[in-house]
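**Q** Okay, structure incoming, though there's no sequence with it:
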Ligand SMILES: Nc1nc2c(c(=O)[nH]1)N[C@H]1C(S)=C(S)[C@@H](COP(=O)(O)O)O[C@H]1N2
Ligand SMILES: [Mo]
């Protein structure tokens with residue numbers, strides 16, 4: 001008998017969780033104007049305390065068109081981090097196992113000054129808060145106050161050569177700490193990549209925190225990429241290696257399903273995913289869908305793609 005097991009790795013439209021399922025009861029009550037009742041319940045709607053891991057912010061930049069950030073609770077409990085499980089609530093339950101110290105990032109490849117960087121040296125430097133929209137390819141979105149440093153400023157330290165046309169990134173892979181990773185359906189370690197001009201673009205952030213404190217493990221501690229004009233899968237978590245390359249690097253999702261997940265992965269409401277529309281999206285915590293914006297509402301990146309057919313290079 002041939003037993004076919006549905007591949008867990010293909011983000012299916014059925015996985016675009018309807019709000020009845022993902023919105024917490026509290027949020028529903030809020031939508032219905034009953035927030036007062038929900039908030040009065042003990043343990044609900046409590047503001048996050050600054051607590052351990054608070055980071056010093058040197059500059060703040062609001063880049064979400066004045067849109068209100070989601071709650072810390074939303075952003076840290078509904079995640080995609082397949083190494084810790086493929087269901088949205090699994091990373092928050094399982095990523096506690098991830099050991100984030102000591103942590104070094106190897107930076108090498110086409111550069112004059114390859115080096116190993118200790119995460120604590122990054123945390124000791126000036127950190128900028130950037131409030132950005134984040135749009136998952138699955139058609140849900142969030143607004144998050146990230147904390148980090150512009151990736152370009154970081155990369156320049158290693159003096160990329162003229163051969164450095166791309167930058168490749170790799171997540172930690174350790175099946176001891178990530179026992180569910182082998183069931184992810186993904187070829188791990190998780191890999192991502194950017195063209196060098198995308199990596200150097202001032203919007204691209206190397207994030208070490210969110211909501212004023214260090215990243216929760218499920219959000220990619222101790223450091224992850226934040227590329228706000230691209231689908232969320234480009235924003236690789238828990239980075240251990242960064243490599244300057246001459247050729248376009250292989251990336252996890254586009255290697256798995258090249259017709260569904262391209263290398264560029266620019267948010268584009270006019271180019272549908274083969275199995276669902278990308279023209280609308282559901283903001284976590286909201287009942288009704290909203291229009292998806294070209295480049296996720298960051299039109300200044302358009303010049304990076306002049307002359308590129310965005311239907312072909314999706
Ligand atoms: N290593 C790794 N990075 C990852 C993922 C993953 O499964 N593994 N998921 C990606 C996807 S699909 C999204 S939408 C974002 C989610 O980030 P968040 O959980 O912080 O919102 O992380 C991206 N980075
Ligand atoms: Mo995503």
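**A** Everything's here; your move. Computed from a predicted structure; not experimentally measured. Ligands and ions are numbered 1, 2, ... in the order given.

**Q** Spatially nearest residue to the residue of the stretch 151-300 of the chain found nearest ligand 1 (excluding sequence neighbours)?
**A** As assessed by CB to the nearest ligand atom, ligand 1 sits closest to residue 232 within the stretch 151-300 of the chain, at 2.5 Å. Quick note: C-beta positions are derived from backbone N, CA and C, even for glycine. Nearest in space to residue 232, with sequence neighbours left out and distances taken as CB to CB, 6 or more residues apart in numbering, is residue 136 at 4.1 Å.

**Q** What is the subsequent helix or strand relative to the helix or strand bottoming out on mean pLDDT in the chain?
**A** Using mean pLDDT, DSSP states H and E, helix 35-40 stands out as the lowest-scoring helix or strand of the chain, at a mean of 38. Once the chain leaves helix 35-40, the next helix or strand it forms, by DSSP states H and E, is strand 59-63.

**Q** Which residues of the stretch 51-200 of the chain lie near ligand 2?
**A** Contacts of the stretch 51-200 of the chain with ligand 2, taken as CB under 5 Å from the ion, map to 80, 136.

**Q** Tell me where the stretch 51-200 of the chain has helices.
**A** In the stretch 51-200 of the chain, the helices defined using DSSP state H, counting those that start in this stretch lie at 72-77, 90-94, 119-124, 151-156, 196-200.

**Q** roughly how far apart are residue 194 and ligand 2?
**A** Separation of residue 194 from ligand 2 (CB to the ion, to the nearest Å): 16 Å.

**Q** Just give the number of residues close to the residue nearest to that residue when sequence neighbours are not counted.
**A** Excluding the flanking residues, the one nearest residue 194 by CB to CB, 6+ apart is residue 167, at 5.2 Å. Residue 167 has 27 neighbours, counted by other CB atoms under 10 Å.

**Q** ok, the residue in the stretch 151-300 of the chain positioned nearest to ligand 2 - contacts?
**A** Proximity of the stretch 151-300 of the chain to ligand 2 (CB to the ion) peaks at residue 232, 3.3 Å away. Contact analysis of residue 232 by CB atoms under 8 Å, 6 or more residues apart in numbering lists 80, 134-137.
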